[in-house]
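> take this sequence and fold it.
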Amino acid sequence: MTLHLSAEAPVAATPQKYLFGPFIDFLMLGGSAILILPVLYFVPLEYESLLAAVMLLLSHVINQPHFGHSYQIFYRNFARKVRGDGYSRSLQLRYIIAGIVVPVAMAAFFAYGALTGNVRLLGNATNAMGFFVGWHYVKQGYGMLMVDAVLKRKFFSDQDKKVLLFNGYAVWLFAWLQTNVVITERQFWGLQYYTFAVPPWLITLAMAIAAASSAATAVMFINRWRKHGGVLPYNGVVAYVVSLYAWILFVTLNPLWLLVVPAMHSLQYLAVVWRYQTNVERDRADAIEKPELKILSIFGALYRLRVTTFIIVGGILGALGFWLVPIMLIDLVPYDKAVLGSSLFLFIAWIFINVHHYFLDNVMWRRGNPEVSKYLFR
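Numbers count the residues shown, from 1 in each chain. Presented below is the predicted three-dimensional model:
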């Protein structure tokens, strides 16, 4: 989730100290990686296959709903957003571009590649997905730090934020370049794609910049810790550090990490989205009323039922987008499977959703979005 939040929270808002609580925030924002990833590193080889299957299933259960939630929030009252009713001109244009232009352009790209049988062109979409996913992880980790800083009233200066962002981009770029040291052929859902041959001197330069920016960031954190009496927005710091280093830079140290990291990234996202949606539902006039059906009274107030419904719908959307609709299209739409493989629509759906998700979040969670200001920090 890309959060462009200023250090100045709305004055009229009364922020919570935590999204859900100190321990839950720690686990969901990134602390789970500190507890789980080291253990996975020492799993005996004979258990790796079983654990990999469990982790992959867990990733799907947690990861795919978080994509569904982004569509639920982004396209809610979309006509009003397109009209600019209550939104600035720049934000209105961003909603139009991310919500209409980008998906139409991607659909045209995939349609052209599939109709012409251009496997090489389609394969380039996998490179783009890797590029945007890493960028997305960095911006979400930074965003979580900003959220926690606002909640704790431990604001970062503009200069500090520049250091944090520069370091995030430097570490991400170095990690991405490392995956393109030599030209290699790989596969994603049966379609081949190729990495790039990056010159060794560029890798060395990127590594030096990432190391220097990491050191500068560490110094900045230490100085802030001293200046503020040994206090930092610790859960946010954990989210930032884990996102950059455990989930991007060093994730390839263990194959099991690659399977579980998407679930941890999604937990980080869900912490904010579920709090945001809870505040949205609490703001409704009938939020504290009881459901009319007696069987639904177990949820208590109506807002709890609505939040639960929101979560369930997100899970359904994730299943539809990643599995059910693509598999149905594979069976119903004729295409050259000898050239494009037997999983073309799974390939398209996974890349489309991952890339589009970056553009959606880049708009939804920006500074100046009135919904973020109203509901996230209540």
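
> please count neighbours and contacts with C-alpha atoms only from this point.
Fine.

> surely Tyr137 forms part of a helix?
Yes: applying DSSP: H, G, I helix; E, B strand; the rest coil, one finds Tyr137 inside a helix.

> that one: neighbouring residues, count only.
By other C-alpha atoms under 10 Å, 24 other residues sit near Tyr137.

> what sits against the residue nearest to it when sequence neighbours are not counted?
Closest residue to Tyr137 apart from its sequence neighbours, by C-alpha to C-alpha, 6 or more residues apart in numbering: Ser243 at 6.2 Å. By C-alpha atoms under 8 Å, 6 or more residues apart in numbering, the residues touching Ser243 are Gly30, Tyr137, Val138, Gln140, Gly141, His265.

> run the last query once more with 7 Å
Shown in contact with Ser243 (C-alpha atoms under 7 Å, 6 or more residues apart in numbering): Tyr137, Val138, Gly141.

> what's the neighbour count on the second one?
A count of nearby residues for Val138, using other C-alpha under 10 Å, gives 28.

> again with the last one
Residue neighbour count, defined by other C-alpha under 10 Å, stands at 29 for Gly141.

> hang on, it packs against Tyr240?
Yes: counting by C-alpha atoms under 7 Å, Gly141 does reach Tyr240; the two are 4.3 Å apart.

> quick one: pLDDT of the residue nearest to Tyr137?
Note on Ser243: pLDDT of 97.

> now the contacts of Ser243 as a markdown table including distance to Phe347?
As requested, those are exported to a markdown table (distance: C-alpha to C-alpha, whole Å):
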| residue | distance to Phe347 |
| --- | --- |
| Tyr137 | 21 |
| Val138 | 24 |
| Gly141 | 27 |
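
> between those, which sits nearest Leu165?
Of all the contacts of Ser243, Val138 has the smallest distance to Leu165: 8.4 Å, by C-alpha to C-alpha.

> and the gap between the closest residue to Leu376 other than its chain neighbours and Pro38?
Leaving aside its sequence neighbours, Leu376 sits nearest to Tyr276 (C-alpha to C-alpha, 6+ apart; 4.9 Å). Separation of Tyr276 from Pro38 (C-alpha to C-alpha, to the nearest Å) stands at 31 Å.

> so for the two, which sits in the more crowded spot?
Per other C-alpha under 10 Å, whichever of Tyr276 and Pro38 has more neighbours is Tyr276, with 21 against 12.

> isn't Gln364 right up against Phe74?
One correction, residue 364 is Met, not Gln. Yes: using C-alpha under 7 Å, Met364 is in contact with Phe74, at 6.5 Å.

> who's more crowded, these two?
Met364 (24 against 19).

> could you pull up the residues touching that one?
Per C-alpha under 7 Å, 6+ apart, neighbours of Met364: Phe74.

> got the phi and psi for it?
phi -60, psi -40 (degrees, to the nearest 10).

> ok, now Gln187?
Phi and psi for Gln187, reported as degrees, to the nearest 10, are phi -130, psi 150.

> distance check, the closest residue to it other than its chain neighbours against His356.
Closest residue to Gln187 apart from its sequence neighbours, by C-alpha to C-alpha, 6+ apart: Tyr193 at 6.1 Å. Going from Tyr193 to His356 by C-alpha to C-alpha gives 20 Å.

> so where's this protein uncertain?
Applying pLDDT under 70 to the chain picks out residues 1-16, 182-183.

> where along the stretch 51-200 of the chain do the strands fall?
Applying DSSP state E, counting those that start in this stretch to the stretch 51-200 of the chain gives strands spanning 185-188, 191-194.

> direction included, what does the first one pair up with?
Yep, that's strand 185-188 we're talking about. strand 191-194 (antiparallel) (DSSP bridges).

> outside of stretch 302-310 itself, list whatever touches it.
By C-alpha under 7 Å, 6+ apart, the residues outside stretch 302-310 that reach it are Gln277, Thr278, Glu281, Arg282, Ala287, Ile288, Glu289, Lys290, Pro291, Phe299.

> before we move on, the earlier item: is the residue nearest to Tyr137 in a helix, a strand, or coil?
helix.

> sorry, back to before: bridged to the residue nearest to Gln187, which residues?
Here Tyr193, judged by DSSP bridges, has bridge partners Arg186.

> pretty sure it is touching Thr184, no?
No: using C-alpha under 7 Å, Tyr193 is not in contact with Thr184, being 8.3 Å away.

> looking at these two, which is more packed in?
Ranked by neighbour count (other C-alpha under 10 Å), Tyr193 and Thr184 place Tyr193 first, with 20 against 12.

> got a list of what the more buried one touches?
Per C-alpha under 7 Å, 6+ apart, neighbours of Tyr193: Arg120, Gly123, Asn124, Thr126, Glu185, Arg186, Gln187.

> what is the nearest of those residues to Pro233?
Nearest member of the contacts of Tyr193 to Pro233, counting by C-alpha to C-alpha, is Thr126, at 35.8 Å.
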